[in-house]
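A.B. asks: from the sequence below, what's the structure:
(one chain, ligands or ions: 1)
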Amino acid sequence: MSEFVKVAKASEVPQGSAKSVEVSGHKVAVFNVGGTFYALASACAHRGGPLAEGDVDGTTVTCPWHGWSFDLKTGAATHQAASVPTFAVKVEGEDVLVSA
Ligand code: FES
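C.D. replies: Numbers count the residues shown, from 1 in each chain. Down below sits the predicted model:
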């Protein structure tokens, strides 16, 4: 099982924002939705668009390149038979940690 790695201070990912980080060689997009953090592979399952730069509505992120949407909880695409990997994320004090 992978170790949790500190990727950011919670204050660096304010509510409603996302940050692109690297964990154990994986590029990961960390999202803060109303104080709950989610972590997905940062590359869109379609053509690798930057999901950390996508619009978030509830717990759905929309890729800025061609509009595919993904559930932040499961990584599943909402309208296609596709998905992106999700990663465990937790907050300890001021630190955001991801296991990848
Ligand atoms: S690369 Fe994300 S929708 Fe095309």
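A.B. asks: residue 90: how many residues sit nearby?
C.D. replies: Other residues lying near residue 90 total 12 when counted by other C-beta atoms under 10 Å. C-beta here means a position set from N, CA and C on the backbone, and glycine is covered the same way.
A.B. asks: please apply the same query to the one 3 residues further on.
C.D. replies: Per other C-beta under 10 Å, the neighbour tally for residue 93 reads 7.
A.B. asks: separation between it and the ligand?
C.D. replies: Separation of residue 93 from the ligand (C-beta to the nearest ligand atom, to the nearest Å): 34 Å.
A.B. asks: residue 75 now?
C.D. replies: Distance, residue 75 to the ligand, by C-beta to the nearest ligand atom: 13 Å.
A.B. asks: am I right that that residue is in contact with residue 69?
C.D. replies: No. Checked against C-beta atoms under 8 Å, the pair residue 75 and residue 69 is beyond contact range at 11.4 Å.
A.B. asks: buried sites along stretch 87-100?
C.D. replies: 87, 89, 91, 96-98, 100 (16 or more other C-beta atoms under 10 Å).
A.B. asks: quick one: name the residues of the chain near the ligand.
C.D. replies: Proximity of the chain to the ligand (C-beta under 6 Å from any ligand atom) is limited to residues 44, 46-49, 63, 65-68.
A.B. asks: got the contact list for the one helix or strand residue 91 maps to?
C.D. replies: In this assignment (DSSP states H and E), residue 91 forms part of strand 86-92. Contacts to strand 86-92, defined as C-beta atoms under 8 Å, 6 or more residues apart in numbering, come from residues 4, 10, 23, 26, 28, 30, 37-41, 72-75, 96-100.
A.B. asks: sheet-wise, list the partners of that strand with their directions.
C.D. replies: In its sheet, strand 86-92 lies beside strand 36-41 (antiparallel), strand 95-99 (antiparallel), with partners assigned from DSSP bridges.
A.B. asks: can I get these in JSON lines including distance to residue 59 and mean pLDDT?
C.D. replies: Listed next are the strands paired with strand 86-92 as JSON lines, based on distance: least, C-beta to C-beta, whole Å; pLDDT from 0 to 100:
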{"stretch": "strand 36-41", "distance to residue 59": "7", "mean pLDDT": "98"}
{"stretch": "strand 95-99", "distance to residue 59": "17", "mean pLDDT": "97"}
